[in-house]
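Trainee: Provided below are the primary sequence and the corresponding predicted coordinates.
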Protein chains: 2
Amino acid sequence: MAHLHRTPLPVSEAVERVMQYKRTGGVDKVDLQESGGRILAEDIAATHAVPPFHKSPYDGFALASEDTMELSRDNPGTFRVIETVGAGHRASRPLQSGEAVRIMTGAEIPEGADCVAMFEICTTEEDAAGRQIMTLKRKMDAGQNIIIKGSETEQGDVLVPKGSKINPGVQALLATFGYSTVMVYNKPTVGVFATGTELLEVDEPLVPGKIRNSNAYMIQAQLERSGAACTYLGKLDDDFDSCYEAVYNALGKFDLLITTGGVSVGDYDLMPDIYEKLEAEVLFNKVAMRPGSVTTVAEYGGKLLYGLSGNPSACYVGCELFVHPILQHFMGNTRPYHTRVKAVLGEDFKKANPFTRFVRGKVDYEEGKIVVYPAGMDKSAVVTSLAHTDVFIVLRGGTRGYSQGDMVEAVLLEDQKGQTKF
Amino acid sequence: MAHLHRTPLPVSEAVERVMQYKRTGGVDKVDLQESGGRILAEDIAATHAVPPFHKSPYDGFALASEDTMELSRDNPGTFRVIETVGAGHRASRPLQSGEAVRIMTGAEIPEGADCVAMFEICTTEEDAAGRQIMTLKRKMDAGQNIIIKGSETEQGDVLVPKGSKINPGVQALLATFGYSTVMVYNKPTVGVFATGTELLEVDEPLVPGKIRNSNAYMIQAQLERSGAACTYLGKLDDDFDSCYEAVYNALGKFDLLITTGGVSVGDYDLMPDIYEKLEAEVLFNKVAMRPGSVTTVAEYGGKLLYGLSGNPSACYVGCELFVHPILQHFMGNTRPYHTRVKAVLGEDFKKANPFTRFVRGKVDYEEGKIVVYPAGMDKSAVVTSLAHTDVFIVLRGGTRGYSQGDMVEAVLLEDQKGQTKF
């Protein structure tokens, strides 16, 4: 009962307190093919110009524009086709006036040529000696149909800065510039304990008074979605000493530790006493929000120890608000917070809000606008609506409810963009 | 030169032709913990009511509301606290008039009780005999602070239909209902060949006239983002027979096969002849779009054989438009197409569009609106802008260009929602 009168902390202040203990993890070299979704620990710079040589964007004939100055439909010109250059090959000698080189898409423009006439505007025939002759009926400009060396990027340009997420386009760049391996930030390791005598494991039959442990699986999935490597350490039992021992030992083995349940004011809520015995610094143990007001975060030896609620929805929200940005920062993401947007509320939400409410919802896009809908029952103990959740609808406290069409804030849980501030 | 005059097919018609050959893959049982991101191959139904019993949402005292009818600040009532019930435990006997049970959050409401008075409104003391007495100064309603059995969901309700993607919330539900394993659709297997004499592998030094193979890595990353299991089969060489052989053999080993490059009209573009020798049905070999107009899809023995452009941007676009929905459908996703939204164009795009243009862009959210910006140079051979791409801006053909503020269509590449139609 000693913990009954906790002072609720505003959410943004709670996030700020947690982020005071943010740290960035180590880096490691991974193969290009394994790098998807990781965060770059080095700037990716162009190791050469792109394209690395003057290049043909089409199949056609490379020639000197000077040779075409007088050409027209009524005054066609002929060119000796001296060779064919496919992509990956080079002309054997510079081209001279009156000559053309048959050239394929992606091939290097031969010396002496400064334009490419596409096949479509050329005709070819063989002369008496069996040599190929190409006829052109129009004037070409210098540089026409040539991709100039370095026109896309110059050598040395930083194309993707450290701290960016590696997507398929970044992987294309890495390959282009010869990065068969790349430096990325390590994944944070997270240990998860569940607490609660009422919890059965997923493969145990249901018995009266008990429920199955859904938080452990849910939170592992959330942590993995946030990029962490997660280990489920099982249930803590009711005995204080063995419970303390287990938490103490785990703290040394992981970058951060999470417990679900046991942070409220009930007789069997052991976590507050564990923080006390550890002499951990409790950053907060009550947050001015629904659900998840009992969310507790403590710091011990520079590591964060999260006490998330045992209620599924409250646990889910606590994880996304307070754990996600710490994980993203650990992985070097310079935009560690979930993307927040203004959105239109798709239906009434008339419940009064003593505290800021994070309603689990679904995002939709309608006529260029972002519209958000509550995903189902909005109670902290509810688990079913989480299956349909990809957004938190943020309803500020102190109002009498919200109406369809109101502009609200929304936290996008599946968006990859992120943002620099909460 | 036989392929010069191809008839361009509208994009939507091309997608439709491809989707005529869609098929759904087999299913497999996976562990709950491995199921994240997979697609459900079974409906998830409630195997029991939630909650499975009347339950306390708070720490407090369970009692009969009837006993409180007359209570007020001036007329407090006292109750004998007969036992304490923690979550996961049950009362040892039904409660009688004048009795209360000390009850913890999540615990089952004892028989005979129909409300819970929170700790905050109760006082407790011991009587002379050392028995606990609780004092209450207000009237309670029947059902107050009780979560009724089945109030969240009834047994048998389908909560997540087959064909849905498994997210952390779905995993919480699976755990709740005792699914330690779950049926999911298999991942499609995709083989990828690159073609092009100009291509160096990523770890080879750059030499004149050549470029490194970026498409193979890019497309593997795209395919994995789309959920496939991808195998890079290396470069096809220039010799037609060995090339044919390699393609023919690979067709038997994968659910679908992709080649990059070699589909244009150049002298070394072998793919059209391979389709011919296979007697594969070419669904189309020219699409009315930029980039990627040479994108070719053929069908052989019920399997799709994609000939994507060798130009990075064109290859990227072809993969997302024509491969992604086939992969998603194979995995049982009932919303296999990328989410399309209306969006505001964030800057001018003045280039004329002979065909529909899929501009690689970045999405942003501004004041509740979706705003899209071109990611960089809009040429099919460009690779650098792909690193910043998370959307295609769809600019319809036949116009003279678009201005900042115009409403345009956008294809969201990283959105998880998807849609049922192209």
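Mentor: Looks like it came in fine.
Trainee: drop to CA atoms for contacts and neighbour counts, all remaining ones
Mentor: Fine.
Trainee: so which strand or helix has A:Ala221?
Mentor: helix A:215-225 (DSSP states H and E).
Trainee: show me the contacts for A:Met271.
Mentor: Residues in contact with A:Met271 (Cα atoms under 8 Å, 6 or more residues apart in numbering or on different chains) are A:Gly262, A:Val263, A:Gly307.
Trainee: so which strand or helix has A:Gly191?
Mentor: Going by DSSP H and E, A:Gly191 is part of strand A:189-195.
Trainee: how close does the residue located most distally from the centre of chain A sit to A:Val263?
Mentor: Distance from the C-alpha centroid of chain A, by Cα atoms, centre = their mean, peaks at A:Ala128 (64.0 Å). Distance, A:Ala128 to A:Val263, by Cα to Cα, to the nearest Å: 95 Å.
Trainee: state the pLDDT value of A:Gly376.
Mentor: pLDDT for A:Gly376: 83.
Trainee: before we move on, what about A:Leu305?
Mentor: Value for A:Leu305, per-residue pLDDT: 97.
Trainee: got the domain ranges for chain A?
Mentor: A:11-26+A:186-330, A:29-50+A:152-185, A:60-136, A:339-412 (automatic domain parsing).
Trainee: tell me what the longest strand along chain A is packed against?
Mentor: In chain A, with assignment by DSSP state E, the single longest strand is strand A:356-366. Counting contacts by 3 or more Cα pairs under 8 Å, 6 or more residues apart in numbering or on different chains; DSSP states H and E, strand A:356-366 is packed against strand A:289-290, strand A:369-374, strand A:391-395, strand B:339-345.
Trainee: what about the strands in the stretch 1-150 of chain A?
Mentor: Remark: strands assigned in the stretch 1-150 of chain A by DSSP state E, counting those that start in this stretch are A:27-31, A:44-45, A:60-63, A:77-85, A:99-103, A:115-118, A:122-126, A:132-136.
Trainee: just name the most buried of these.
Mentor: strand A:60-63 (a mean of 28; mean count of other Cα atoms under 10 Å in any protein chain shown).
Trainee: dump the C-alpha coordinates for it into PDB.
Mentor: Only the C-alpha atoms of strand A:60-63 are listed here, as PDB (Å, rounded to 0.1, in the frame of the first residue of the first chain):
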ATOM      1  CA  GLY A  60      21.600   2.700 -81.900                       C
ATOM      2  CA  PHE A  61      24.600   4.100 -83.700                       C
ATOM      3  CA  ALA A  62      27.200   6.300 -82.000                       C
ATOM      4  CA  LEU A  63      28.700   8.900 -84.300                       C
END
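Trainee: now do that strand: everything it contacts.
Mentor: So strand A:60-63 is contacted by A:95, A:99-105, A:109-110, A:112-120 (Cα under 8 Å, 6+ apart).
Trainee: strands paired with that strand, and their directions?
Mentor: strand A:99-103 (antiparallel), strand A:115-118 (antiparallel) (DSSP bridges).
Trainee: in a markdown table, list those strands along with mean pLDDT and distance to A:Ala91.
Mentor: Shown next, in a markdown table, are those (pLDDT from 0 to 100; distance: least, Cα to Cα, whole Å):
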| stretch | mean pLDDT | distance to A:Ala91 |
| --- | --- | --- |
| strand A:99-103 | 97 | 8 |
| strand A:115-118 | 97 | 14 |
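Trainee: any idea which of these gets closest to B:Val341?
Mentor: Closest approach to B:Val341 among these (Cα to Cα): strand A:115-118, 37.4 Å.
Trainee: pull the CA atoms of the closest one into PDB?
Mentor: Listed in PDB are the C-alpha atoms of strand A:115-118, where the atom choice follows Å, rounded to 0.1, in the frame of the first residue of the first chain:
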ATOM      1  CA  CYS A 115      25.800  11.400 -79.900                       C
ATOM      2  CA  VAL A 116      23.700   8.200 -80.500                       C
ATOM      3  CA  ALA A 117      21.100   7.800 -83.200                       C
ATOM      4  CA  MET A 118      18.500   5.300 -82.200                       C
END
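Trainee: can you list the residues of the stretch 301-422 of chain A near chain B?
Mentor: A:341-344, A:365-370, A:377, A:381-389, A:407, A:414-416 (Cα under 8 Å from any Cα of the partner chain).
Trainee: list the buried residues for the helix or strand where A:Val247 lies?
Mentor: Taking DSSP H and E as the definition, A:Val247 sits inside helix A:240-251. Neighbour-count burial for helix A:240-251, with 16 or more other Cα atoms under 10 Å in any protein chain shown as criterion, is recorded at A:Cys243, A:Tyr244, A:Val247, A:Ala250, A:Leu251.
Trainee: okay, now whichever residue of the stretch 101-250 of chain A sits closest to chain B: neighbour count?
Mentor: Residue nearest to chain B within the stretch 101-250 of chain A: A:Glu198 (3.2 Å; Cα to the nearest Cα). A:Glu198 has 19 neighbouring residues, counting by other Cα atoms under 10 Å in any protein chain shown.
Trainee: what is the rounded mean pLDDT of stretch A:293-301?
Mentor: pLDDT averaged over stretch A:293-301 gives 95.
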